[in-house]
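Asks: Based on what follows, work out the 3D shape:
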Amino acid sequence: MRSNNRLWFIFTILAVLLAFVPASLAQDGMFGLSGDDYALFTAGNAGSTMSDAMAFDFSFVLDSAEADANLTGTGVIGTDEAGGPIVQIAITGTGSEMSGDAMTESPVNVEIRVVDNMLFVNDMTGSDGWMGGSLDQALESVVGASGLPVSPEDLAAGDISGLTGGADMGAMMGAMDGIMESGFISMSRLGDENVNGVDTAHFNTNLNIASLVNSEAFGAILMASGQLEGSDEEVTQQLQFMQPMVVSMVEGIDINFDQYISTGDSNQVQRGVLAIDLNIPSLTGDAEPILVNLNLTVNITDYAPVVSVTAPESFTEAPM
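Replies: Below is the predicted model of the structure:
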């Protein structure tokens, strides 16, 4: 299997799991947290989603054999009177990509605006100025470039039928109990920390994909998605063949999501950190393993900013 196919397979599994995680966090289980800690965690997330606008800063670090990135930025996001998104983000730093046998580093200095369902991008390291186009078309082009047959809107809504070829979603959700029992989601409260002057509780969520793939729930998901068909004996034989291979691919995946939730009068998320480490071996042993380290840290600096974003005075219309 070529490395890009291995990555596609892994990210397809991740997309399926991420579609399940929001629903699974709404279940009765507390994933190892005490009742008080789980109540604080859920209240903080619920309180954060009630805000119509927020300001933030962030850092993004990517380290892989094909590309590196070290970026920082600031931004605001809100909604207009019609409920559409308005966004302004500034990003600076460096990015590198493999060219021949060496990494070529380039500066990054980009401003992004979203207003009136239009996406505008200004790469200030070049001379093209503002480029603009339909936000919907831009999202579709991102999905097309990723190779994943699912729209961002469907994925956000938990509809992964595009990934599963129109699977029986009722049966998929029926496998939820087995998914929970697999223990692939575990949570813990770590030491309290002060984040930008705010006292917070630090929560860690870990996704252990290998434990899920090695469970009976994995077979139930494959059957519901139509990936396994036949008699009980035939399905068992297929699982016995597939599971060791898939486990070997995903056991080197480490996914952690940390949230820092204020512990004062109001409970809101003050910081989120997503860390993904991939070490995916070659199935045949004749290719290099895929090594990817990704860290995204977002600090919420204001939950009630006044968001005013205007379209650039002039721009070149271009396909996104």
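Asks: Same question for stretch 198-208: list its buried residues.
Replies: 198, 200, 201, 202, 203, 205, 206, 207, 208 (16 or more other Cβ atoms under 10 Å). From N, CA and C alone the C-beta is placed, and that goes for glycine too.
Asks: And stretch 132-139, by the same measure?
Replies: The neighbour-count check on stretch 132-139 (16+ other Cβ under 10 Å) flags 132, 133, 135, 138 as buried.
Asks: Show me what secondary structure element comes after the helix or strand harbouring residue 241.
Replies: Here residue 241 sits within helix 232-250, counting by DSSP states H and E. Per DSSP H and E, helix 232-250 leads on to strand 253-262 as the next helix or strand towards the C-terminus.
Asks: helices and strands around that next one, which ones?
Replies: helix 3-25, helix 35-49, strand 185-195, strand 198-207, helix 209-213, strand 269-280 (3 or more Cβ pairs under 8 Å, 6 or more residues apart in numbering; DSSP states H and E).
Asks: contacting residues around it?
Replies: The contact list for strand 253-262, computed with Cβ atoms under 8 Å, 6 or more residues apart in numbering, reads 10, 14, 40-41, 44-45, 190, 193, 195, 198-207, 209-210, 267-280.
Asks: so where's the chain uncertain?
Replies: 1-29, 142-182, 219-232, 235-236, 283-286, 319-320 (pLDDT under 70).
Asks: 80 instead, please
Replies: Flagging of the chain using pLDDT under 80 yields the residue ranges 1-31, 138-184, 211-250, 281-288, 319-320.
Asks: about what we covered before: out of the buried residues of stretch 198-208, who's nearest residue 95?
Replies: residue 207 (27.1 Å; Cβ to Cβ).
Asks: these two touch, right, the closest one and residue 187?
Replies: No - contact criterion Cβ atoms under 8 Å: residue 207 and residue 187 do not qualify, at 10.5 Å.
Asks: Restricting to C-alpha, output stretch 272-288 in PDB.
Replies: Output of stretch 272-288 as PDB, limited to C-alpha atoms (Å, rounded to 0.1, in the frame of the first residue of the first chain):
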ATOM      1  CA  GLY A 272      -7.600  23.900  23.700                       C
ATOM      2  CA  VAL A 273      -4.600  21.800  22.600                       C
ATOM      3  CA  LEU A 274      -4.800  19.100  19.900                       C
ATOM      4  CA  ALA A 275      -1.800  16.900  19.600                       C
ATOM      5  CA  ILE A 276      -1.600  14.100  17.000                       C
ATOM      6  CA  ASP A 277       1.400  11.800  16.700                       C
ATOM      7  CA  LEU A 278       1.500   9.300  13.900                       C
ATOM      8  CA  ASN A 279       4.000   6.500  13.400                       C
ATOM      9  CA  ILE A 280       2.500   4.300  10.800                       C
ATOM     10  CA  PRO A 281       4.600   1.400   9.600                       C
ATOM     11  CA  SER A 282       4.900   0.000   6.000                       C
ATOM     12  CA  LEU A 283       2.700  -3.000   5.600                       C
ATOM     13  CA  THR A 284       5.300  -4.700   3.400                       C
ATOM     14  CA  GLY A 285       8.400  -3.500   5.200                       C
ATOM     15  CA  ASP A 286       9.900  -2.000   2.000                       C
ATOM     16  CA  ALA A 287       8.800   1.600   2.600                       C
ATOM     17  CA  GLU A 288       9.600   4.200   5.200                       C
END
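Asks: Just the residues contacting it, thanks.
Replies: With Cβ under 8 Å, 6+ apart, stretch 272-288 has contacts from 1-3, 6-7, 10, 65, 245, 248-250, 252-260, 289-298.
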